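Novice: generate a structure from the sequence data that follows.
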Amino acid sequence: MIPHLDKKELLFALLIVLAGGIIWSVWSKEPSEPKYPSLLVDADSAIVQGHYHYADTLLALYDKRANTDDETCHRYRQLLTLNRKFADEVLTNQDQGTVDSLYQYYESFGSSDKFVRTLILQAQLSKTNGDYPTEIELCMKAENILGANDSSAIQGWIEQLKGDLFFDQRMFEQCIPCYRAFYDIAKRNNDRLRMSYGATRMGRLYTIKNDADSAIYYYKQSIKVCEGLPEEESAKYYSELALCDIYIQTEEFDSALAIMPRDSLNLPNWADWHLGQQHVDSAIYYYKQMLGRYDWYVETQTLRTLAELSQQTGDTNQALEYYAQLATAEDSLREQSKVEDTQKAMARDRYNQLAKERDRIKLKKQQMEQLTLGILIIFFVMGLVVLLMWRSDRRKAELEQVHDKLLLKEREEQYKQSQKKLEENQEKLTELERQLEEARLQSDAERAERLEQETRMLEAQNASIVAIQQQKERLRKQLHLSNLYRRLKLDDGVTKRQLTDGEWTQLATDYLDPLYDRLTNRLLALADLSATELRICYMLKLEIAPADMADILCRTTSAVSQSRRRIYKKLTGQPGSAQQLDELIEAF
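Specialist: Take a look at the predicted model:
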C-alpha cells in the first residue's frame, strides 16, 4: 500500500521522473551542430524554400567575407554549392570527389539533415553513372533517416530521385506518386523551378504512356510556372523539345516551328520536322548531324532512317554502308541492353530487400518507443522508492536532530555553568585568602591547613579553565596565521580567494570547530544548512564583510543578504534581517 504523499514529496517524485526523461532525451539525441555564419544559414534556407537567386546572392556575399581556415564552414559552403547544382540539375561526375568527401565528413559529424543531403547527391551521381542498385539503396537510406512522414523540400528531392529511378526501370505506375509528391512539395514551398522540373517529368511520363493531351498539359505547365525565373531558359528547354516532338508526331508542324530552338540538342526534332514535310535532303542532313551524338538506341534508329532515305533517293552504296553500320550499332545496343537489364533486375531486387529492411526498421522503432515508455515507468517506480526511502531517512534525521538539540542545550548550559563556576571560584579564592590570613594570625594550624587545601583545589579548577582558554587562544593565533585565513581576509588582487570544497572542510575541522566548540555540529543541530549557508556562517564568525563574501562565493551582494536572512529563519524559526544573523553568529 502506497502511503499518502504531501505536495512537496509528490513534487520530488515528479522531478525524479522529469530528470529521467531529460537524461534519456540527452542520451538519445544527436550531437549539436556548430554555430554557422548567418549568411550560410540564410542561403541554406533560401535553397530549401526555392529562392535560388537570393541564395546565390547570399553565397556571393559570404565568399567575400569567408574564413577559409574554418573546416566546418568550408564543408557547409561546399554542400550548398552542390545543392544548387542539384537544384539546377547540372551535377556531374566532376563533383564526385567533393561529394565523397562530404559524405565521409557528415557521416561522422554534423546533423542528420546534412548527411541526408550528401546521400541524395551520391544517389544522383549513381543515377548518372547507371548504377541503379546503389542509387535505390542511397535513396532508401536517406528516406529512412529523414522519416516517412516528412514533407520538407528535402523529401521532395528524394521523391524526384525515386521517380527518376522508377522511370528508368520502366516502372511507370510506381513513379507517378513519386513525381506527384515531388511536384506537390515544390508547390507548397512555392519553388517554381522545382515545379517546372516536376511538371516536365509528368509530361515525359504521359508521353511514354501515349497520353498526348496530358503530356502537352504538363509540358505547357512546366513552361508557364518558370516564366520570369533567372533559370527560365534551362528549366523550360526540355519541355519545349518534348512539345515540338509531339507536335511533329501529330503533324502540327507550324506549332512545332513556333517554339523549336535551333541548336545541336534539337537535331532530332529538326530531322523529323523536315522528314514529316518531305524535305528529304534537309532531313538527311540533320540525321547525319545526329550520328555519334546520342546513345545506341538513337544511333540505330538514325542509321535505319538514313539507310531507308538513301534507298529512296537511289543512293544504294550509301544505303548499304548505313546498313553495315546499323548491324554494328544493333550489336552494341544488344550488349548495352543486357547490361542495363541486369542492372535493372539488380535494382528491383535491391529495392525489394530495402523495402523489407525499412519495414524491419519501422518495427524496431516501435519497439524502441515501447522500451522508452518502459524506461520512464521504471524511472517513476525508482523515484517513488527513493522518495519513500528518503521520507523514512528524513524521519530518522528529525528524531536525531531533536536529540542533538537537547544535547546541545545541555552542553550550552554546562558551558555557562563553567563560566559561572570560574567567577564563583575567584570570589571563593579571595574569601579563602582572607580567612587563611586570619587563621595564621590566630595561630589556628588546623584551620589554616584546611583553608590551604581548599585554595589549592580551587586554583586547580581555575587552572584547568584557563588552560582551555589558552588552548583556544593558540588556535585563534594559528587561524590568523593560516594561509586559508589570509586568502579569505586579504584581497591582494592576485591570489585566488575562492576555496575548494576540501579547503572549506579543512578550515572548519582544523580551526573553527576546535576554536568555537564544534561550531559546525552545533549549527547543523539547529537547522539543515547547505554547504554554502555553512560557509556564510564561517565567514561571519571570521568577521568577513558581505561584499567580500559575495566575491569569495562568486555571488552578488544581494544574493548573500538573502541567504543571511534565510539562515536566520532556519536557525531561529523566526523571520529576521541579515544583521540579526550577523549578531547571532557573533555571539554563538
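Novice: show me where the stretch 151-300 of the chain has its helices.
Specialist: Shown for the stretch 151-300 of the chain, the helices assigned by DSSP state H, counting those that start in this stretch span residues 153-168, 172-188, 192-208, 212-225, 232-249, 253-259, 267-276, 280-290, 296-312.
Novice: buried residues, the last one. List them.
Specialist: Spelled out, that is helix 296-312. Within helix 296-312, the residues that qualify as buried are 296, 298, 299, 300, 301, 302, 303, 305, 306, 307, 309, 310, counting by 16 or more other Cβ atoms under 10 Å. For every residue, glycine as well, the C-beta is placed using N, CA and C.
Novice: what's the answer for stretch 315-333, then?
Specialist: 318, 319, 322, 323, 325, 326, 329, 333.
Novice: quick one, domains of this structure?
Specialist: Domains of the chain are assigned by automatic domain parsing as 39-149, 267-337, 368-480, 482-586.
Novice: can you add distance to residue 171 and mean pLDDT and give those back as a markdown table?
Specialist: Listed next are the domains of the chain as a markdown table, based on distance: least, Cβ to Cβ, whole Å; pLDDT from 0 to 100:
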| stretch | distance to residue 171 | mean pLDDT |
| --- | --- | --- |
| domain 39-149 | 11 | 86 |
| domain 267-337 | 17 | 86 |
| domain 368-480 | 32 | 70 |
| domain 482-586 | 67 | 86 |
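Novice: which one of these lies closest to residue 222?
Specialist: Comparing the domains of the chain by their distance to residue 222 (Cβ to Cβ), the top pick is domain 39-149, with 12.9 Å.
Novice: distance from the chain centre to that closest one, please.
Specialist: 19 Å (Cα atoms, centre = their mean, to the nearest Å).
Novice: could you do stretch 270-278 as well?
Specialist: Remark: stretch 270-278 is offset 61 Å from the chain centroid, using Cα atoms, centre = their mean.
Novice: other residues contacting that stretch?
Specialist: Contact partners of stretch 270-278, identified using Cβ atoms under 8 Å, 6 or more residues apart in numbering, comprise 244-245, 248-249, 251, 253, 256-257, 260, 262, 280, 282-283, 286-287, 289-290, 302, 305, 309.
Novice: CA-only coordinates of that stretch in CSV, if you can.
Specialist: The C-alpha coordinates for stretch 270-278 follow below in CSV (Å, rounded to 0.1, in the frame of the first residue of the first chain):
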residue,chain,number,x,y,z
TRP,A,270,14.6,19.3,-87.0
ALA,A,271,15.3,16.0,-88.7
ASP,A,272,11.8,14.6,-88.0
TRP,A,273,10.2,18.0,-88.9
HIS,A,274,11.8,18.1,-92.4
LEU,A,275,11.1,14.4,-92.9
GLY,A,276,7.4,15.0,-92.0
GLN,A,277,7.2,17.7,-94.7
GLN,A,278,9.0,15.5,-97.2
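Novice: ignoring the adjacent residues along the chain, who's closest to residue 134?
Specialist: Computed as Cβ to Cβ, 6 or more residues apart in numbering, the closest residue to residue 134 that is not its neighbour in sequence is residue 126, at 4.3 Å.
Novice: can you list the buried residues of helix 296-312 in TSV and add distance to residue 214?
Specialist: As requested, these are exported to TSV (distance: Cβ to Cβ, whole Å):
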residue	distance to residue 214
296	29
298	24
299	30
300	29
301	25
302	28
303	32
305	28
306	33
307	35
309	33
310	37
